[in-house]
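Q: Sharing a sequence plus its predicted fold:
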Number of protein chains: 4
Amino acid sequence: MKIGFIGLGQMGSGMAANLVAAGHDLAVYNRSRQKAESFAKGKVRVAASPADAATGAEVVISMLADDHAVSEVVFGEQGLASALGKDAIHVSSSTISVALARRLTVEHGQRGQGFLSVPVFGRPEAAASAKLIIVMAGDERAIDKCKPVGDVLGRQTFVVGAEPWQANAVKVSGNFMIASMLETFGEAFAVMGKAGIERQKFLEIMTELFGSPVYKNYGTMMADQKFEPAGFALKLGLKDVKLAIEAAEGLQAPLPLASLLRDQLISALAHGQEKLDWSSLALVAARNAGL
Amino acid sequence: MKIGFIGLGQMGSGMAANLVAAGHDLAVYNRSRQKAESFAKGKVRVAASPADAATGAEVVISMLADDHAVSEVVFGEQGLASALGKDAIHVSSSTISVALARRLTVEHGQRGQGFLSVPVFGRPEAAASAKLIIVMAGDERAIDKCKPVGDVLGRQTFVVGAEPWQANAVKVSGNFMIASMLETFGEAFAVMGKAGIERQKFLEIMTELFGSPVYKNYGTMMADQKFEPAGFALKLGLKDVKLAIEAAEGLQAPLPLASLLRDQLISALAHGQEKLDWSSLALVAARNAGL
Amino acid sequence: MKIGFIGLGQMGSGMAANLVAAGHDLAVYNRSRQKAESFAKGKVRVAASPADAATGAEVVISMLADDHAVSEVVFGEQGLASALGKDAIHVSSSTISVALARRLTVEHGQRGQGFLSVPVFGRPEAAASAKLIIVMAGDERAIDKCKPVGDVLGRQTFVVGAEPWQANAVKVSGNFMIASMLETFGEAFAVMGKAGIERQKFLEIMTELFGSPVYKNYGTMMADQKFEPAGFALKLGLKDVKLAIEAAEGLQAPLPLASLLRDQLISALAHGQEKLDWSSLALVAARNAGL
Amino acid sequence: MKIGFIGLGQMGSGMAANLVAAGHDLAVYNRSRQKAESFAKGKVRVAASPADAATGAEVVISMLADDHAVSEVVFGEQGLASALGKDAIHVSSSTISVALARRLTVEHGQRGQGFLSVPVFGRPEAAASAKLIIVMAGDERAIDKCKPVGDVLGRQTFVVGAEPWQANAVKVSGNFMIASMLETFGEAFAVMGKAGIERQKFLEIMTELFGSPVYKNYGTMMADQKFEPAGFALKLGLKDVKLAIEAAEGLQAPLPLASLLRDQLISALAHGQEKLDWSSLALVAARNAGL
């Protein structure tokens, strides 16, 4: 398949490599061209712009940092919307707002272009090893066409609805679930701290209780108080929690737990933690307990 | 070992059966005598009172509903404190308050009796199949003596400190972690409901993401909206969240997430959910979203 | 009227003085006898015990620190319940729990004694100058008898129901309303601090907006960051917020705002503020904002 | 003074009338021209566009619904920024975001135009009777020039800083303080409802306690459960609470109480209350208590 791929960051580069390995024909674009050039071998072409990457492609995948970056790449000068063919499909894998997903659906639709939201769960290692969890939503025909692409990228693909934004609602809600686990652990560790109980011990018990690698990974960072280098920066965590809150507000659903997370993350920012891993949220509960 | 066992409810009966199977010599007491009599074979003796169960025992294990029941059994008429020998040990496995654990430590100490807090994580099935997670805290010599007993009851035993109440702090914090997961799931499911996304689908994705049987079990109850029969009644869930809050307050640690849980659980009570499973907490978020 | 008066603290001494001035015949009891003796002139008799104060009295008023003190004075050795005559009335003006008010109603009732809850709003100055706001609840006949006493103590008397505990529910809810104002002010002042706006200026505007002396008094303490000497210690503030939460829980009403107050107050305790004025709650919001 | 006035809604029409009465020379613009024409007598000229209103004016005052309306009027086609003279001043009295105030400061500055934020507290009646509370921030010279105008519009004028956005931070924080009072009252009224105590009675006591007309007015609406016609629609209340949250987030200050308000207001929206008065927030607490 002829695929344009935009955004070769930590996640995107692993995903693009897997597409190449699966035999697809890629045109890659990255804002800093150097990264793109390191991909240029065999069937891979370096595109000069998002529009260039979209030209002649059946599918263009974008994997970028946030709403702003996606808007630029799609609607900016030399944006992909200006060059994507009729019936070609834009697959948006970035973690973006429900609102932007709705706008992309409308705008691509008006141009006769297809649009799918295909956010993913997983860290860069999972992207590199094709172990991502893939969430898809959009028009059925477009999904039929792109599902095999998803299967190349991840360990399992879930189709959640006919409207693209539904996949984004799932993605931001999933991130909210992780963030909530962080706050819970943080509060519990603060209690352990005041009770004179080793964090490591509590972690072992919780790992046994929940049997979840997610609990184990994040809990270990908290128990060790090792928040650098950041796997996922706290500032980005706040962005994601806000996306969950906005998505829910758009649907008129309160999310009191997400609101709590938001306030604790802002307190973390106020204490200079923006570049620490978001598991450093635990420091807020610790400070509030006088630790 | 000569063991007194008090409280043959859903949890206690499985635990007592495992002790018998391991060859221990049991004197069992239960408030309604019938249950105790069903145990009366081989080396098992039915005791007429807690004091009777404690007479001559090296260890007395109590597994009861709450602070009130434990206080009665220990300090009430024919209570075990009146009969437990010097150097014999009271092992408290009930989910009780940190405050009561402190009091038991003092009172047993004054009588020259040993005291350990040994709360457990796990449902009745885990108690029956000796798969409990055992948490122990207290005097080192007492722990050395009772650890083999713990190993009979569970799949792993964790010693968390030299003061019995520390084990209770771990137990109530662990239950807080589960309750927090319930609220998180509930809020996310409310968003799914408003977004027109199948709960079942979201559950599958979260199960894949967290890889935790606890998420799967509770998430399934919520996705199916099947809250009866209750595995763990919502009213008891509120009791446990309050124990976590009290323990934290005693240590001067705020627990804002637990406070949120408490308010949502009270709203659930106000809507008649006290006997439903505590995963019905999800109904509160649903109602607040107008579902 | 023959009145027993128990508890000559900051509030009680002002109230008792006003009763004397109105010509009532007082028997006063205070734990530290010295304070009682300073009242001993004219028609005032110093009682040796609560029971002694109750002997022969038509009405016994208690004005004490908390549930524990009231329980002692009523049910302890030489407690007033043992000596209060049939048809005589115990008027409880302390800020106590709804639960204790219910218990007092039952216990006095079983002895054929009357019981009214008559909590008051106001500071010691208001007690001394008979400017308290008096809240009454209980049996109609008892109220008819005691209302003139209330009118001596305060600027206005409100009868809120036929069950004594209802007055306590009003009192603790009113204190919750004040505490909520403190938190609100504290959060807003934190914003002002980060915005580089003078607290004093914001205070003036809010004073103009709300036109409330309560806002002005507490806002001034916060704007000046002058939390000592404490008019009302933060530790007592936490006690009162917890009374509001317990009262609401007993009625199955969630109080999420009170829960927030509770957690912020606990954080204040964890930072050593227990003896500061409860308006120092503002320091918690300031710390959370990194100020 | 030659003044352009844009926005003749409930607030703006009262303010404009007072400026006319004070002898100022007005050019008025309103989106629906009819309202503007009802002002056209004596020294009042009806402007065809915001730009027309700004032409030749020393000061242009805008009083509009929200960020969107202000952006349109300033930067849209025939916007006032295109016509305002050098050294002339745009006075923004709308309740807008801190972010927009910052942008207006920069944009007007780049054009050599002055800019002041002058939000007001008060209802339409206060606007009509020149009883508003006026908050001003911005460049000192601009303030010197405009302060007399403020004095015509309100009962008191407060200058809070040299940067316009500071006045907006004060305004949204003040509205947050009112909203917080509403939630507090709502929770307390829910307790009263469950306790069988008349809301009216509790209102009287709180009115006596706080001595604030704001408490009295809003409390009366809640006690009477009369939320229509809306003095201030709940949907606008949510907008304002969000402005407070955004302002605080921009300054890295958490506002947990505002977050609670936000969630409760969203729950109110989910139950169809968007057009009711924002004091109908009380219905959320009532529902959560099962009333």
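A: Looks like it arrived, so ask away.
Q: Just say helix, strand or coil for residue A:171.
A: helix (DSSP: H, G, I helix; E, B strand; the rest coil).
Q: ok, for it, nearest residue in space, not its chain neighbours?
A: Leaving aside its chain neighbours, residue A:171 sits nearest to residue A:119 (3.7 Å; criterion: C-beta to C-beta, 6 or more residues apart in numbering or on different chains). All C-beta spots, glycine's among them, are computed from the backbone N, C-alpha and C.
Q: next one: residue A:114
A: Closest residue to residue A:114 apart from its sequence neighbours, by C-beta to C-beta, 6+ apart: residue A:89 at 3.6 Å.
Q: Who are the contact partners of the one you found?
A: Applying C-beta atoms under 8 Å, 6 or more residues apart in numbering or on different chains, we find residue A:89 in contact with A:58, A:59, A:60, A:113, A:114, A:115, A:116, A:142, A:145, A:146.
Q: Show me what it bridges to in the sheet.
A: residue A:59, residue A:114 (DSSP bridges).
Q: pLDDT wise, what is it at?
A: Model confidence at residue A:89, given as pLDDT, is 98.
Q: From chain C, how far out is it?
A: As judged by C-beta to the nearest C-beta, to the nearest Å, residue A:89 and chain C stand 45 Å apart.
Q: And that residue, how far from chain D?
A: 33 Å.
Q: Look up how far residue B:284 lies from that residue.
A: For residue A:89, the distance to residue B:284 equals 40 Å [C-beta to C-beta, to the nearest Å].
Q: ditto for residue A:172
A: 21 Å.
Q: okay, the two: which has more neighbours?
A: Using other C-beta atoms under 10 Å in any protein chain shown as the criterion, residue A:172 and residue B:284 rank with residue A:172 on top: 28 against 25.
Q: quick one: contacts for that one?
A: Residue A:172 neighbours (C-beta under 8 Å, 6+ apart): A:95, A:97, A:98, A:240, A:243, A:244, A:247.
Q: near chain D, which residues of chain A?
A: A:248-249, A:252-256, A:259-260, A:262-264, A:266-267, A:269-270 (C-beta under 8 Å from any C-beta of the partner chain).
Q: May I ask which of these has the most neighbours?
A: Counting by other C-beta under 10 Å, top hit in these: residue A:255 with 31 neighbours.
Q: With just CA atoms, put the helix or strand bottoming out on mean pLDDT in chain A into PDB.
A: For chain A, counting by mean pLDDT, DSSP states H and E, helix A:33-37 ranks last in confidence among helices and strands (a mean of 91). Provided in PDB are the C-alpha atoms of helix A:33-37 (Å, rounded to 0.1, in the frame of the first residue of the first chain):
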ATOM      1  CA  ARG A  33      14.200  16.600   8.000                       C
ATOM      2  CA  GLN A  34      17.200  14.700   9.400                       C
ATOM      3  CA  LYS A  35      15.100  12.100  11.100                       C
ATOM      4  CA  ALA A  36      13.200  11.500   7.900                       C
ATOM      5  CA  GLU A  37      16.400  10.900   6.000                       C
END
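Q: Let me see the mean pLDDT of stretch A:156-174.
A: On average, stretch A:156-174 scores 98.
Q: before we move on, what about stretch A:215-224?
A: Stretch A:215-224 comes out at a mean pLDDT of 97.
Q: for stretch A:56-68, same thing?
A: 97.
Q: What are the contacting residues of it?
A: A:1-7, A:9, A:11-12, A:15, A:19, A:27, A:50, A:53-54, A:70, A:73-74, A:80, A:84-85, A:88-97, A:100, A:118, A:145-146, A:149, A:239.
Q: switch to 7 Å and redo it
A: Counting contacts by C-beta atoms under 7 Å, 6 or more residues apart in numbering or on different chains, the residues outside stretch A:56-68 that touch it are A:1-7, A:9, A:11-12, A:15, A:27, A:53-54, A:70, A:73, A:80, A:84, A:88-94, A:96-97, A:100, A:146, A:149, A:239.
Q: any idea how far it is from the chain center?
A: 13 Å (C-alpha atoms, centre = their mean, to the nearest Å).
Q: Give the buried residues for that stretch.
A: A:57, A:58, A:59, A:60, A:61, A:62, A:63, A:64, A:66, A:67 (16 or more other C-beta atoms under 10 Å in any protein chain shown).
Q: Who are the contact partners of whichever residue of the stretch 51-200 of chain A sits closest to chain D?
A: Closest contact between the stretch 51-200 of chain A and chain D, by C-beta to the nearest C-beta, is at residue A:183 (12.8 Å). Contact analysis of residue A:183 by C-beta under 7 Å, 6+ apart lists A:260, A:261, A:264, A:281, B:257.
Q: Helix, strand, or coil at the residue nearest the centre of chain A?
A: In chain A, the residue lying closest to the centroid (C-alpha atoms, centre = their mean) is residue A:95, at 4.1 Å. Of the three states, residue A:95 takes coil under three-state DSSP.
Q: I'd say it and residue A:117 touch.
A: No. Using C-beta atoms under 7 Å as the test, residue A:95 is too far from residue A:117 to be in contact (10.3 Å).
Q: Name the nearest residue to residue A:79, sequence neighbours excluded.
A: In space, residue A:79 is closest to residue A:50, 5.4 Å off (C-beta to C-beta, 6+ apart).
Q: And the one you found, how far from chain D?
A: Counting by C-beta to the nearest C-beta - residue A:50 and chain D are separated by 28 Å.
Q: And the strands in the stretch 1-150 of chain A?
A: For the stretch 1-150 of chain A, the strands defined by DSSP state E, counting those that start in this stretch cover A:2-6, A:25-29, A:45-46, A:59-62, A:89-92, A:114-117, A:120-121, A:132-138.
Q: tell me how far the third one is from the chain's mean position?
A: Here strand A:45-46 is found 25 Å from its chain centre; the criterion is C-alpha atoms, centre = their mean.
Q: returning to what we had before: which positions within the least confident helix or strand of chain A qualify as buried?
A: A:35, A:36.
Q: Turn the strands of the stretch 1-150 of chain A into TSV, columns for distance to residue B:231.
A: Compiled in TSV, these are given as follows (distance: least, C-beta to C-beta, whole Å):
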stretch	distance to residue B:231
strand A:2-6	47
strand A:25-29	50
strand A:45-46	57
strand A:59-62	43
strand A:89-92	41
strand A:114-117	36
strand A:120-121	28
strand A:132-138	28
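Q: which stretch among these comes nearest residue A:223?
A: strand A:120-121 (23.6 Å; C-beta to C-beta).
Q: so what does that closest one touch, helix or strand wise?
A: strand A:132-138 (3 or more C-beta pairs under 7 Å, 6 or more residues apart in numbering or on different chains; DSSP states H and E).
Q: how about a cut-off of 8 Å?
A: Helices and strands touching strand A:120-121, by 3 or more C-beta pairs under 8 Å, 6 or more residues apart in numbering or on different chains; DSSP states H and E, are strand A:132-138, helix A:164-195, helix B:199-210.
Q: contacting residues around the last one?
A: Going back to what we said before, that points to helix B:199-210. With contacts defined as C-beta under 8 Å, 6+ apart, helix B:199-210 is touched by A:121, A:133, A:135, A:155-156, A:158, A:160, A:170, A:173-174, A:177-178, A:210, A:212, A:214-215, B:185, B:188-189, B:192-193, B:215-216, B:219-220, B:222-223.
Q: Please list only the buried members of these.
A: Here, 16+ other C-beta under 10 Å leaves A:121, A:133, A:135, A:158, A:160, A:170, A:173-174, A:177-178, A:210, A:212, A:214-215, B:185, B:188-189, B:192-193, B:215-216, B:219, B:222-223 buried among the contacts of helix B:199-210.
Q: Let me see the confidence value for residue A:279.
A: 98.
Q: Now the closest residue to it other than its chain neighbours: which helix or strand?
A: In this structure, residue A:279 finds its nearest non-sequential neighbour in residue A:221, 4.4 Å apart by C-beta to C-beta, 6+ apart. Element membership for residue A:221 (DSSP states H and E) is helix A:213-224.
Q: what angle do that helix and helix A:164-195 make?
A: 40 degrees (axes from the mean of the first three to the mean of the last three C-alpha atoms, to 10 degrees).
Q: May I have helix A:213-224 as PDB, with CA atoms only?
A: This file holds the C-alpha atoms of helix A:213-224, laid out as PDB (Å, rounded to 0.1, in the frame of the first residue of the first chain):
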ATOM      1  CA  PRO A 213       2.400  -4.500  34.700                       C
ATOM      2  CA  VAL A 214       1.100  -0.900  34.600                       C
ATOM      3  CA  TYR A 215       0.900  -0.900  38.400                       C
ATOM      4  CA  LYS A 216       4.300  -2.500  38.700                       C
ATOM      5  CA  ASN A 217       6.000  -0.100  36.300                       C
ATOM      6  CA  TYR A 218       4.600   3.100  37.600                       C
ATOM      7  CA  GLY A 219       4.600   1.900  41.200                       C
ATOM      8  CA  THR A 220       8.300   1.200  40.900                       C
ATOM      9  CA  MET A 221       9.100   4.700  39.800                       C
ATOM     10  CA  MET A 222       7.200   6.000  42.800                       C
ATOM     11  CA  ALA A 223       8.700   3.600  45.300                       C
ATOM     12  CA  ASP A 224      12.200   4.500  44.000                       C
END
